[in-house]
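Colleague: predicted model, plus sequence, below.
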Amino acid sequence: MTKSLLVTGGAGYIGSHTLLELLKAGYKPVVFDNFSNSCAEVLSRVEELSGCAIDVIEGDIRDKSALVRLFEARRLANEPVEAVVHFAALKAVGESVEKPTEYYDNNVGGTLSLLKAMDTCGIRKLVFSSSATVYGEPLRLPYTEDHPFAPTNPYGHTKAMVEQILKDWCHASDERSAVALRYFNPIGAHPSGRIGEAPQGRPNNLFPFITQVAVGKRDKLSVFGDDYETVDGTGVRDYLHVVDLAIGHVLAVAYMASGNRGFQGINLGTGRGTSVLELARTFERVTGRPVPYEILPRRPGDIAQAWADPTVAAALLGWRANRDIEEMCIDGWRWQSQNPDGYQSVVKK
Ligand code: NAD
Ligand code: UFG
């Protein structure tokens, strides 16, 4: 029987790429999304790429009864939901400082509502989108999963809090399993160029800013600081291809299905750091597009460098990142150049 999964936030950047990989692996994902940071066009494109129809329910994870209705409907249709892959969250660090209550309500309150609905319906497996941001300022690098948590903003606190909730949730019953995947810096897009990252307004993150400069939507890149103790003074991060990240979710679902119980936090990164200028120069080299930049002061709250120790992901999930920085740039540029306004132009029709 095809395994049915609930994918919260499945219309988002990482969710949409994961849907494709889940479909490829033979799962039947049901998307639950309130489209607060996405649009339905994404799902049409995933259908077009996969050749599969996708069930979509528009709703908010804070609406427990809507989730219970969905789980019940699946059970009655003889396609019970086996596990939940939980992406739905607000994710802008700066906005979380301005609107902390919205972030705690959506990310923590939303997850509690989801877990209660799962408990009501006897669903015991969950993959959670966590973040390397839970670790905060590195005491040592690379970050290993036992590095202490010290988030520096409300968004990071919501991720750390949800991890604690999941630990307690698993502790309360030995039937339950939860995998918190701690993403480093996902960038790039599906190689088809049909789905990718479509930030609303001015991008907060480096890679979509680079692609928007390259496509002519922005004049130049602002490099936040060139006086860090790094290879060239600019910030260093562990960028990973979003398709590699998506595959990590498929493996996490399989890990739980094969009988592993309890809570597990797992880093998903390449184990390699790349500076801001190295990323911009690689992008220019492989795409042939210039990325003019200016050096600005450091961005408050940024750390100098961060990269993962991905050993646990390899040992437990059999996962490793296979796509390099060049491929991330080529695929990200294909998406941006073919969809200069993201999904917007299609939505407005
Ligand atoms: P995204 O904003 O593109 O996707 C999130 C999706 O969740 C959107 O479709 C949004 O409409 C939906 N959503 C938000 N709140 C909801 C709610 N209350 N009910 C139902 N749907 C809701 O973000 P993304 O980049 O795809 O990130 C996915 C997850 O990964 C998030 O949990 C994010 O915090 C985490 N994460 C992302 C990054 C990154 O760099 N993109 C890094 C680390 C962790
Ligand atoms: N940067 C620039 N210019 C920009 C944007 C970023 O120079 O316009 C620099 C930053 O200073 C940093 C690097 O590029 O050195 C990466 O910055 P991002 O904003 O792309 O990524 P962060 O590592 O700061 O944060 C991201 C997500 C967080 C997540 C974290 C770890 O925004 O939500 O990765 O996964 F928690």
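Modeller: Done, it's in. Ligands and ions are numbered 1, 2, ... in the order given.

Colleague: which residues of this protein lie near ligand 2?
Modeller: Within the chain, the residues that sit near ligand 2 (C-beta under 6 Å from any ligand atom) are 91, 93, 131-133, 183-185, 204-206, 209, 222-224, 235, 237, 276, 299, 302. C-betas here are computed from N, CA, C, even on glycine.

Colleague: ok, now which ones touch the residue of the stretch 201-349 of the chain found nearest ligand 1?
Modeller: When distances are taken as C-beta to the nearest ligand atom, the stretch 201-349 of the chain reaches nearest to ligand 1 at N205, 6.3 Å away. When the contact criterion is C-beta atoms under 8 Å, 6 or more residues apart in numbering, the partners of N205 are N185, I187, P199.

Colleague: out of those, who's nearest A11?
Modeller: Sorting the contacts of N205 by how near they are to A11, with C-beta to C-beta, puts P199 at the top with 14.2 Å.

Colleague: residue contacts, that closest one?
Modeller: With C-beta under 8 Å, 6+ apart, P199 has these contacts: N205, P208, G342.

Colleague: once you drop chain neighbours, what's closest to the residue in the stretch 1-150 of the chain that ligand 1 sits nearest to?
Modeller: Going by C-beta to the nearest ligand atom, ligand 1 is nearest to G12 of the stretch 1-150 of the chain, at 1.9 Å. Of all residues not flanking G12 in the chain, S38 sits nearest, at 5.0 Å (C-beta to C-beta, 6 or more residues apart in numbering).

Colleague: model confidence over stretch 304-322, on average?
Modeller: Mean pLDDT, taken over the full extent of stretch 304-322, equals 98.

Colleague: one more: stretch 24-38?
Modeller: In the prediction, stretch 24-38 has an average pLDDT of 97.

Colleague: got it, and stretch 239-255?
Modeller: Stretch 239-255 comes out at a mean pLDDT of 98.

Colleague: equivalent analysis for stretch 123-134, please.
Modeller: Per-residue confidence for stretch 123-134 averages out to 98 on the pLDDT scale.

Colleague: right, is that stretch up against ligand 1?
Modeller: Yes: where contact is defined by C-beta under 6 Å from any ligand atom, part of stretch 123-134 touches ligand 1, namely S129, S131.

Colleague: off-centre distance for that stretch?
Modeller: 10 Å (C-alpha atoms, centre = their mean, to the nearest Å).

Colleague: can you check stretch 141-153 too?
Modeller: The chain centroid and the centroid of stretch 141-153 are separated by 18 Å under C-alpha atoms, centre = their mean.

Colleague: close to ligand 1, is that stretch?
Modeller: No: judged by C-beta under 6 Å from any ligand atom, stretch 141-153 and ligand 1 are separated, with a smallest distance of 12.0 Å.

Colleague: what of stretch 322-334?
Modeller: No: with C-beta under 6 Å from any ligand atom as the criterion, ligand 1 is not reached by stretch 322-334; the gap is at least 12.8 Å.

Colleague: look up phi and psi at G188.
Modeller: Here is the backbone geometry of G188 (degrees, to the nearest 10): phi 90, psi -170.

Colleague: go on, T8?
Modeller: Phi and psi for T8, reported as degrees, to the nearest 10, are phi -80, psi 140.

Colleague: what's the separation between it and ligand 2?
Modeller: As defined by C-beta to the nearest ligand atom, to the nearest Å, T8 lies at a distance of 18 Å from ligand 2.

Colleague: what's the pLDDT at the residue of the stretch 201-349 of the chain closest to ligand 1?
Modeller: According to the predicted model, the pLDDT of N205 comes to 97.

Colleague: same deal with M1?
Modeller: In this model, M1 is scored at 59, pLDDT.

Colleague: and for the one 3 residues further on?
Modeller: S4 is assigned 97 on the pLDDT scale.

Colleague: how many neighbours does it have?
Modeller: Residue neighbour count, defined by other C-beta atoms under 10 Å, stands at 20 for S4.

Colleague: residues in contact with it?
Modeller: Contacts for S4 (C-beta under 8 Å, 6+ apart) come out as Y27, K28, P29, V30, R74, E79, P80, V81, E82.

Colleague: just the ones of those residues in helices?
Modeller: Judged by DSSP state H, these include R74 as members of helices.

Colleague: ok, the nearest residue to G342 once chain neighbours are set aside - contacts?
Modeller: Taking C-beta to C-beta, 6+ apart, and ignoring the residues beside it in sequence, G342 has A198 as its nearest neighbour in space, at 3.0 Å. Neighbouring residues of A198 by C-beta under 8 Å, 6+ apart: Y13, S38, V42, N339, G342, Y343, Q344.
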